[in-house]
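>>> Sharing a sequence plus its predicted fold:
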Protein chains: 2
Amino acid sequence: MISWKNLDTLNVYKKFLALKGRVNIVEAMAGENGAKRVAEYSVPMACGMKYNFAAKAVDDTSLDVLQELADEHQLIAKYEELLGGAVINTGEKRLVLHQLCRGQLKGDVIADGVNKRDFYVSQQKKAADFANKVHAGEITNAAGEKFTTAVQIGIGGSDLGPRAIYLALENWAKTNDSLKMEARFISNVDPDDAAAVLKSVDIPHTLFIVVSKSGTTLETLTNESFVRDALRNAGVDPSRHMLAVTSETSPLASSSDYLEAFFMDDYIGGRYSSSSCVGAVILSLAFGPEIFARIMNGASESDKAALNPDIRQNAALLDALIGAYERNVEGYLCTAVLPYSQALCRFPAHLQQLDMESNGKSVNRFGEPVDYVTGPVIFGEPGTNGQHSFYQLLHQGTNIVPMQFVGYKDSQIGMDVDIQGSTSQKKLCANVVAQIMAFACGKDDENPNKAFAGGRPSSIIIGDSLYPESLGALLAHFENKVMFQGFIWNVNSFDQEGVQLGKLLAKRVLAHETDGALKAYADLFDI
Amino acid sequence: MISWKNLDTLNVYKKFLALKGRVNIVEAMAGENGAKRVAEYSVPMACGMKYNFAAKAVDDTSLDVLQELADEHQLIAKYEELLGGAVINTGEKRLVLHQLCRGQLKGDVIADGVNKRDFYVSQQKKAADFANKVHAGEITNAAGEKFTTAVQIGIGGSDLGPRAIYLALENWAKTNDSLKMEARFISNVDPDDAAAVLKSVDIPHTLFIVVSKSGTTLETLTNESFVRDALRNAGVDPSRHMLAVTSETSPLASSSDYLEAFFMDDYIGGRYSSSSCVGAVILSLAFGPEIFARIMNGASESDKAALNPDIRQNAALLDALIGAYERNVEGYLCTAVLPYSQALCRFPAHLQQLDMESNGKSVNRFGEPVDYVTGPVIFGEPGTNGQHSFYQLLHQGTNIVPMQFVGYKDSQIGMDVDIQGSTSQKKLCANVVAQIMAFACGKDDENPNKAFAGGRPSSIIIGDSLYPESLGALLAHFENKVMFQGFIWNVNSFDQEGVQLGKLLAKRVLAHETDGALKAYADLFDI
């Protein structure tokens, strides 16, 4: 029997709080003990990746307490409930089924009279067939010419995840002759966003994918109209160039305005929707359906690994627990995500949404205020770029910011140069390794301006290289980490009521139904 | 006589701390009082912009205390010292002269026997002449063909500022027939970065600008070699395609490997160097020298405005003081920078470096540890994108994150669409206004999951539109804000010793001179 409890009501909670200051990272990571930690504090992940947490402020005793927390809090059982189709999204009374898009781990899930795995697979197949026909020249523009570019029109989860994935694999695909079509993205209601993208594409050879689950997202519908105008101005029939990704009950679903419609449902939240048709259509068009399937396979491997009840063998679970320790016990507000891979340049922006929108909550899953802090602030940029930017504060600032590194042994494209006895890729790897140790152990110096206190905790995910499966596994790792943290904090990670008030007030401003400060601000913009 | 003091030694410090919790934003911004605040709490800025701080937790009494702090701390006198050529960068014993690139506000600055304003102007002119000749086809490739693309090779300040500026004006320039050449950027030592950029440009028609003050930056020299190899492989003579931006004493300065060299000096830090040749060469090539000059004129207007000792008339100074209040009195760690302009998509990344690298310090300008917190963590994305992403945590998370909005009445490109009675640009503006009020006043609801506590402070900079002068003014506003905050915290905002240890350890890794945990980590990457 699952028991949904607040973190501070657990028996283990006192022991958990008592971990504060337990491990001195500077000492723990020094000498041979440090080497031993690096060798031992490593969890195998999908696709041969490893989660290494040697430079986190934990030791075997801490791990025992975190294991106790995981067990008492039934974190794995809760995950199994989710996989089995329980109503985990309590606020909206919905199932949570994004993992089901990439594999079935706990039997059939039937909802609304439908086998949901079959539904998701059928939509992926529809996206695959459509993409294959476009690539084969069976679906063309009115002049019978092939489409060369796909533009996703969507915002939030309909944008950040698919965009981060596209950028992560674009150069890999070029190198492996898998880039079938260029992809572009329009998200912002700022008209300069759509205008700039439209100016950069060859409209007669471009497909536009309108992505909105409800079919009512202001930004997306506005940008759709913007694009339709541009198509008409270019002498092109919009209905031959536009696709819809939406729910079956949305106004977009059965409209003849679209060449084809692909369906998602209410059981997959926007920030988790890359595995649904939100990702499948654009990524199958860009890379081909078999590449999308490979991403899903990697994600499914991560989902399986996340079922292991032993925290020393479950990277997503341990990552979540250490993060909760840093947040609730040590009181750190932020986590920096630092991929040493230029291909992951927009992955931190995706994780920022994934994490902050899921767990940036002040009430528990029953709608009651909680008495502890929840989700962290997430930010990050690729290394080594960040080293020459904000790392100064991470090294010598007055606050500690825990870090999550990602690094790969090999590059994607394979072009490289040997300077002073090492390739660029080796230099990249040497830098991430050096940073971890500089943050952990610091350095004494007579001049305090050149001294580093150390004690700045970090983990690293290490992989051989970034390819479709390992990217999918990375994506799912973080989704599952965020899910486990939601369980730990007992919040609903799958709604986002915090976005509603702004929408409501914006409508009032546009309708001129304002007074007081809101009217005064609107006046400043001559609205 | 200037007295450099720690913040907590000021007479006003107790009064400053006593401001804690003084203003309840929810109450202050309600009703007609809120409208009055919006009307009154507004500071004129350069280029007709306004800094509106109505939704910050300050009132007239707070402002009096902040004015007292500014006066006692001699913040304007310190700025005047800087402009006059004092050794403000105490750690490296250097002058701080980036403002001198865009105007001379306090008499001649002579250093090393040189009139520095003349030096900076002469280098800008050299960049202008060179760019004009490239545009006119007087400087061409070996085949006598025009160059069409310029690629900046640099990292940190040699990358983020110029890149953010280029992206901010690229579409404006296209719309105004001012885009002379496309610009691209290579920064990361990750070989996939350079490889991807090289694959995307037409090498025989591309100029490459190697930017490194010291001429020793690992990433930049490595990427230079990478590019030189690619040029040779394309049958192109690198010396006809490569420019250097460096100091006069660097190994790059007088090399025949470059078509031309442009000079900077030690008195301009990387993150402040967009106004030097680091920005002048790439931006003059991309947009033409007159556009670069217009950016500088806007920046100079901000620099002048920052001299006003009245905090109610000095946006940069007031912005700095309110930020310090939020950091030291209220204890907030982060600040989110949220431009409602897609063109400013990388401006937050530039500000992240500018702020965190300048003030992420734990020692004062004399190298003594300080007993208070210093620079904040900066992150941000353009609105409305962020609304569908991390704003959930900003609205309903357990921690308060102060915000800095930027918005414009008009778009850059001018293409727009009218849907449901309003243009996209109006919708964009309505959203930023709505967000400010949603954050400030929140909303009660029977269901705590749909309730918003409010009390989340924000300011907004409002401009007519984003064009060269207003962009320059915005850039300088933040530079001057960060400078004033450095004075408030008594830190040296112009060195970055925190980047050194990582460099040192990376060298050891590459030389295989490691043991303990560092060796163990290197082994994980097979280095």
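Sure thing, it's come through.
>>> and the spatially most distant residue from the centre of chain A, how far is that from chain B?
What lies farthest from the middle of chain A is residue A:446; by CA atoms, centre = their mean that is 43.0 Å. Between residue A:446 and chain B the computed distance is 10 Å (CB to the nearest CB, to the nearest Å). In this view, the C-beta of every residue, glycine as well, is placed from N, C-alpha and C.
>>> got it, and residue A:121?
Following CB to the nearest CB, the distance that separates residue A:121 from chain B is 28 Å.
>>> A helix includes that residue, no?
Yes - checked against DSSP: H, G, I helix; E, B strand; the rest coil, residue A:121 lies within a helix.
>>> okay, the residue farthest from the centre of chain A: pLDDT?
Here the pLDDT value assigned to residue A:446 is 93.
>>> three-state assignment of it?
Three-state assignment for residue A:446 (three-state DSSP): coil.
>>> any idea of the pLDDT on residue A:488?
According to the prediction, residue A:488 has pLDDT 98.
>>> Now do the contacts for it.
For residue A:488, the contacting residues are A:7, A:69, A:73, A:75, A:320-321, A:324, by CB atoms under 8 Å, 6 or more residues apart in numbering or on different chains.
>>> Secondary structure element holding it?
Assigned by DSSP states H and E, residue A:488 belongs to helix A:468-489.
>>> Just checking the distance from that helix to the centre of its chain.
The chain centre lies 8 Å from the centre of helix A:468-489; the measure is CA atoms, centre = their mean, to the nearest Å.
>>> swap in stretch A:210-230?
Chain-centre distance of stretch A:210-230: 23 Å, with CA atoms, centre = their mean.
>>> Now do the buried residues in it.
Judged by neighbour count using 16 or more other CB atoms under 10 Å in any protein chain shown, the buried positions of stretch A:210-230 are A:210-213, A:215, A:217-230.
>>> of the residues you listed, list those near chain B.
Among the buried residues of stretch A:210-230, proximity to chain B is found for A:218-219, A:221-223, A:225-226, A:229-230 (CB under 8 Å from any CB of the partner chain).
>>> Out of those, the closest to residue A:153 would be?
Closest approach to residue A:153 among those (CB to CB): residue A:223, at 5.0 Å.
>>> Wait, the closest one touches residue A:196, no?
No - between residue A:223 and residue A:196 there is no contact under CB atoms under 8 Å: 12.0 Å.
>>> ok so, going back, how far out from the middle of the chain is the following helix or strand past the helix holding residue A:488?
Sequence-wise, the next helix or strand downstream of helix A:468-489 (DSSP H and E) is helix A:500-510. Once both centres are worked out by CA atoms, centre = their mean, helix A:500-510 turns out to sit 27 Å from its chain's centre.
>>> Sort out which residues of helix A:500-510 are buried, please.
If you call a residue buried by 16+ other CB under 10 Å, then helix A:500-510 has these buried ones: A:501-503, A:505-510.
>>> Which residue is the nearest non-sequential neighbour of residue A:170?
Leaving aside its sequence neighbours, residue A:170 sits nearest to residue A:179 (CB to CB, 6 or more residues apart in numbering or on different chains; 6.9 Å).
>>> quick one, what contacts the one you found?
Listed by CB under 8 Å, 6+ apart, the contact partners of residue A:179 are A:170, A:173, A:286-287.
>>> Next: residue A:526.
Residue A:526 neighbours (CB under 8 Å, 6+ apart): residue B:409.
>>> Which residue, neighbours along the chain excluded, lies closest to the residue of the stretch 151-300 of chain A found nearest chain B?
Residue nearest to chain B within the stretch 151-300 of chain A: residue A:156 (2.8 Å; CB to the nearest CB). Excluding the flanking residues, the one nearest residue A:156 by CB to CB, 6+ apart is residue B:388, at 2.8 Å.
>>> can you count the residues close to that neighbour?
Number of residues near residue B:388 (other CB atoms under 10 Å in any protein chain shown) recorded here: 28.
>>> which residues in the stretch 351-500 of chain A form helices?
Remark: helices assigned in the stretch 351-500 of chain A by DSSP state H, counting those that start in this stretch are A:391-396, A:424-441, A:468-489, A:500-510.
>>> mind putting these in JSON lines, distance to residue B:369 included?
Formatted as JSON lines, the helices of the stretch 351-500 of chain A follow (distance: least, CB to CB, whole Å):
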{"stretch": "helix A:391-396", "distance to residue B:369": "11"}
{"stretch": "helix A:424-441", "distance to residue B:369": "19"}
{"stretch": "helix A:468-489", "distance to residue B:369": "34"}
{"stretch": "helix A:500-510", "distance to residue B:369": "42"}
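>>> and the buried residues of helix A:500-510 near chain B, which?
Okay, of these touching chain B (CB under 8 Å from any CB), that's A:501-503, A:505-506, A:508-510.
>>> Which of those residues lies at the shortest distance from residue B:48?
Closest approach between those and residue B:48, by CB to CB: residue A:509, at 22.4 Å.
>>> Leaving out the residues flanking it, which one is nearest to the closest one?
What sits nearest to residue A:509 in space, not counting adjacent residues and going by CB to CB, 6+ apart, is residue B:430, at 4.0 Å.
>>> Enumerate every residue touching that neighbour.
Contacts of residue B:430 by CB under 8 Å, 6+ apart are A:506, A:509-510, A:522, A:525, A:527, B:422.
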